[in-house]
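> What would the 3D arrangement of this be:
(one chain, ligands or ions: 1)
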Amino acid sequence: MRIAVGADHGGYPLNERVIDELRASGHEITDFGTHDGSVPDDYPDYSLAVGRAVESGQAEIGLIICGSGVGASVAANKLRGVRAALCGDTYSAHQSREHDDCNVLCLGARVVGVELALEIVRAFVAARFTGEERHRRRLAKVAEIERLENSKQ
Ligand code: RB5
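Next comes the predicted model:
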């Protein structure tokens, strides 16, 4: 898959570990950094870069890592068409794809250990939206919320 990955200083060096694993599994990675965890930076910059890559189709899915994963997910969900899931367990990771058609995974590098993070990433990457009617109906309602917000004066 084409996967965009970004992490702020709080997400480093988990991003490097995840990218190594994804590349070893044959995925095509667009790496938005950071490559230096000692320089304080701002998670919205990475959410924007990864979110735009997904929104434009350059990447099929995205992965954003910050300290808690919270800021990254809040910022990414501001982008049209981005459905970002903050996951700390494998069940949420695959269900977020199967039911909610999430296209961005957010992780908290200060919350989950490396091995759990890798399992969460594997679960998210391997899962697919089931396309069932009830999930489509709910997603249409989510899209309607976005449309209503965007049409506000
Ligand atoms: C950075 O210190 C930290 O605030 C950020 O990585 C993230 O956890 C925000 O939600």
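
> Ser38 falls within a strand, correct?
No: looking at Ser38 with DSSP: H, G, I helix; E, B strand; the rest coil, it is coil, so not inside a strand.

> That one contacts His9, doesn't it?
Yes: counting by Cβ atoms under 8 Å, His9 is a contact partner of Ser38 at 7.3 Å. (C-beta placed from N, C-alpha, C; glycine too.)

> Looking at the two now, which is surrounded by more residues?
Ranked by neighbour count (other Cβ atoms under 10 Å), Ser38 and His9 place His9 first, with 17 against 7.

> Find the nearest non-adjacent residue to that one, please.
Take His9 and drop its neighbours on the chain: the residue closest to it by Cβ to Cβ, 6 or more residues apart in numbering is Gly37, 4.9 Å away.

> Tell me which residues touch Ile61, please.
1, 3-4, 54, 103-105, 124-125 (Cβ atoms under 8 Å, 6 or more residues apart in numbering).

> roughly how far out does the biggest helix by length in the chain sit from the chain middle?
Longest helix of the chain, by residue count under DSSP state H: helix 133-150. Relative to its chain's centre, helix 133-150 lies at 19 Å (Cα atoms, centre = their mean, to the nearest Å).

> Now do the buried residues in that helix.
In terms of neighbour count (16 or more other Cβ atoms under 10 Å), helix 133-150 has no buried residues at all.

> can you tell me the average pLDDT over that helix?
Here helix 133-150 scores 96 as its mean pLDDT.

> Within reach of the ligand, which of the contacts of Ile61 are there?
Among those, none lies close to the ligand by the criterion of Cβ under 6 Å from any ligand atom.

> Out of those residues, which sit inside helices?
54, 124-125.

> Which among these count as buried?
Those of the ones in helices among the contacts of Ile61 that meet the buried threshold are 54, 124-125, by 16+ other Cβ under 10 Å.

> can you pull the contacts of Gly67?
When contacts are counted by Cβ under 8 Å, 6+ apart, Gly67 is found next to 8, 10-11, 108-111.
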